[in-house]
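Engineer: Sequence isn't available, so here's the structure alone:
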DNA sequence: GATAATTAAGGTTAAATAAGGTTAATAGGA
DNA sequence: TCCTATTAACCTTATTTAACCTTAATTATC
């Protein structure tokens, strides 16, 4: 099966060259000029690697990177950008990037960097995809592919949203999860920023997870959440 | 355990800066000016990542990369070089490199690239791993990862801000903590410099810590604070 | 130089605000 | 119809602000 590349770039001329070159190399390329509904896009197309331009008309590539990283912890992301300042590079890696290439770049350099990223990610890629079968956290087990949670010896069928949010939490265990990022990732736009919808799901997840005292969803008011999983249960 | 870095660089001035900066960040750095017996070196030191200068007096970094790659298929290797031609980059990746940084580079960029490589290789422990599980100060115990304080045999749930400030104090035990630095670190800007907000939190922390008489937050008027933890309780 | 006045820095307390939590009701899709 | 997702109304709490108090450091006066 062909290796799949998701490529977000708004400059049509550059985009065409890159796309054609990549296809010539035997890749399957999905090109978009903007990053609307990126989470669904990634979920549907299931790329092996993402190449994101940073300067985009509506959003910027960095927040796209963040959204992808939230749901796909090990998917390689290469940022392409004219921004050459150190702080931009730092931002790139902080936004989930696994490589950062400064424009203008040569096509050959892009190629070897893509191959390198695929090689690095590839060793354990023989799994169906990068969503794990089972995540064990003490007495609680989460089966993200089956939308099931095993807690207190009971199987709980999770809804789509519940499962999606729990996945993001699991992918960011013992790290700060930014509330805005979470809303962006799950709902994809700004309109939910003052709704209580997310809180309702947090409450449900807390209830499900209450079976395991070593797991806790801690609120960082004004920031987001911290999914604390004690070392003893990992 | 510390993350180990093998660093081959012949320019003494640059080498010193890089080594010191890396050590300050908590890495264990093994620096050599040439790559003789590189395979044994790697075998003995067992680095988590290698940083190789390309232009070396006897061998060149690329062949070192190849040698390392032969015996260690997944060890991250970053090449540092003034060579900026595309063909050199290609050669770098072909020689087993997993990243390629062009000189001159900023120390910050090197840092984030190292962290990125470690993360991708799976060696890196996530953010919270440099946060200790437990800090014992006499009768008081602080669990920064869980946002909990055990004082007078009671568990006190700390808020985000409380925990953040107490962490900073613990990291600077028996040292002067500059008030402006503290405000900057916690709130990130200048706008709180004349607010009483910080003082409110100091008061709360003093109250929590009052259970242990050998701990004290001392005010240095016009300077900041001194978090005094008597030797007897450490 | 000793003492009092002044002032700047920080402490205390309570109230205000903003951010989330909770619960139940409603909408909306297979 | 059943189940999930969303909204609405109301509740709780962390964080910030405001007002006033205390103390250390500085300056003025004797």
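Structural biologist: Good, I have the coordinates. Keep in mind the model is a prediction, meaning the values are calculated, not measured. Residues are numbered from 1 along each chain as shown, chains lettered A, B, ... in the order given.
Engineer: number of nearby residues for residue A:204?
Structural biologist: Residue A:204 has 17 neighbours, counted by other Cβ atoms under 10 Å in any protein chain shown. Glycine gets a C-beta too; all of them are placed from N, C-alpha and C.
Engineer: per-residue confidence for it?
Structural biologist: Residue A:204 carries a pLDDT score of 96 in this model.
Engineer: got a list of contacts for the helix or strand bottoming out on mean pLDDT in chain A?
Structural biologist: The least trusted helix or strand in chain A, going by mean pLDDT, DSSP states H and E, turns out to be helix A:38-45, with a mean of 86. Helix A:38-45 is contacted by residues A:4, A:6, A:8, A:30, A:32, A:35, A:50, A:64, A:67-68, A:71-72, A:75, A:185-186, A:188 when judged by Cβ atoms under 8 Å, 6 or more residues apart in numbering or on different chains.
Engineer: Name only those of those residues that count as buried.
Structural biologist: Buried subset of those (neighbour count, 16 or more other Cβ atoms under 10 Å in any protein chain shown): A:6, A:8, A:30, A:32, A:35, A:50, A:64, A:67-68, A:71-72, A:75, A:185-186, A:188.
Engineer: Narrow the residues you listed to those in strands?
Structural biologist: Among the buried ones among the contacts of helix A:38-45, the residues falling in strands (DSSP state E) are A:6, A:8, A:30, A:32, A:50.
Engineer: so which strand or helix has the residue lying closest to residue A:76 once chain neighbours are set aside?
Structural biologist: In space, not counting the residues next to it along the chain, residue A:76 is nearest to residue A:117; the distance is 3.9 Å by Cβ to Cβ, 6 or more residues apart in numbering or on different chains. Here residue A:117 sits within helix A:107-122, counting by DSSP states H and E.
Engineer: which outside residues touch the helix or strand following that helix?
Structural biologist: Next along the chain after helix A:107-122, taking DSSP H and E as the criterion, comes strand A:135-137. Under the contact criterion Cβ under 8 Å, 6+ apart, strand A:135-137 has outside partners A:141-144, A:170, A:212, A:214-215, A:229, A:233-234.
Engineer: Look up how far DNA strand C lies from residue A:233.
Structural biologist: Relative to DNA strand C, residue A:233 is positioned 22 Å away (criterion: Cβ to the nearest atom of the strand, to the nearest Å).
Engineer: An error on my part: the question was meant for residue A:145.
Structural biologist: Summarising the geometry, the distance separating residue A:145 from DNA strand C, computed by Cβ to the nearest atom of the strand, is 20 Å.
Engineer: how far away is the closest residue in space to that residue that isn't next to it in sequence from residue A:147?
Structural biologist: In this structure, residue A:145 finds its nearest non-sequential neighbour in residue A:131, 5.8 Å apart by Cβ to Cβ, 6+ apart. Distance, residue A:131 to residue A:147, by Cβ to Cβ, to the nearest Å: 11 Å.
Engineer: how close does the residue of chain A most remote from its centre sit to DNA strand C?
Structural biologist: In chain A, the residue that sits farthest from the middle, by Cα atoms, centre = their mean, is residue A:153; the gap is 30.4 Å. As judged by Cβ to the nearest atom of the strand, residue A:153 and DNA strand C stand 23 Å apart.
Engineer: And residue A:171, by the same measure?
Structural biologist: Residue A:171 is 19 Å from DNA strand C, where distance means Cβ to the nearest atom of the strand.
Engineer: pretty sure that residue is touching residue A:68, no?
Structural biologist: No: with contacts counted by Cβ atoms under 8 Å, residue A:171 stays clear of residue A:68, the gap being 11.1 Å.
Engineer: Hmm, residue A:117 is touching residue A:75, no?
Structural biologist: No: in this structure, residue A:117 sits apart from residue A:75 without contact. The criterion is Cβ under 8 Å, and the distance is 9.7 Å.
Engineer: Mind listing the shared neighbours of those two?
Structural biologist: residue A:49.
Engineer: For the closest residue to residue A:66 other than its chain neighbours, the count of nearby residues, please.
Structural biologist: Using Cβ to Cβ, 6+ apart and skipping the chain neighbours, the partner closest in space to residue A:66 is residue A:95 (5.0 Å). The local packing count at residue A:95 equals 23, with neighbours defined by other Cβ under 10 Å.
Engineer: now do the one 4 residues further on
Structural biologist: The criterion is other Cβ under 10 Å. On that basis, residue A:99 has 25 neighbouring residues.
Engineer: and what of residue A:105?
Structural biologist: 15.
Engineer: which residues does it contact?
Structural biologist: For residue A:105, the contacting residues are residue A:80, taking Cβ under 8 Å, 6+ apart as the criterion.
Engineer: at 6 Å what do you get?
Structural biologist: With Cβ atoms under 6 Å, 6 or more residues apart in numbering or on different chains as the criterion, no residue contacts residue A:105.
Engineer: so what pLDDT did the residue farthest from the centre of chain A get?
Structural biologist: We have a pLDDT of 85 for residue A:153.
Engineer: what does residue A:121 give?
Structural biologist: According to the model's per-residue confidence, residue A:121 sits at a pLDDT of 87.
Engineer: Wait, it touches residue A:75, no?
Structural biologist: No: Residue A:121 sits out of contact with residue A:75 when judged by Cβ atoms under 6 Å, with a separation of 7.4 Å.
Engineer: Between these two, which contacts overlap?
Structural biologist: Counting by Cβ under 6 Å, 6+ apart, nothing touches both residue A:121 and residue A:75.
Engineer: Give me the neighbour count for the closest residue to residue A:63 other than its chain neighbours.
Structural biologist: When the adjacent residues along the chain are set aside, residue A:63 lies closest to residue A:184, with 6.8 Å between them (Cβ to Cβ, 6+ apart). Other residues within reach of residue A:184, judged by other Cβ under 10 Å, total 22.
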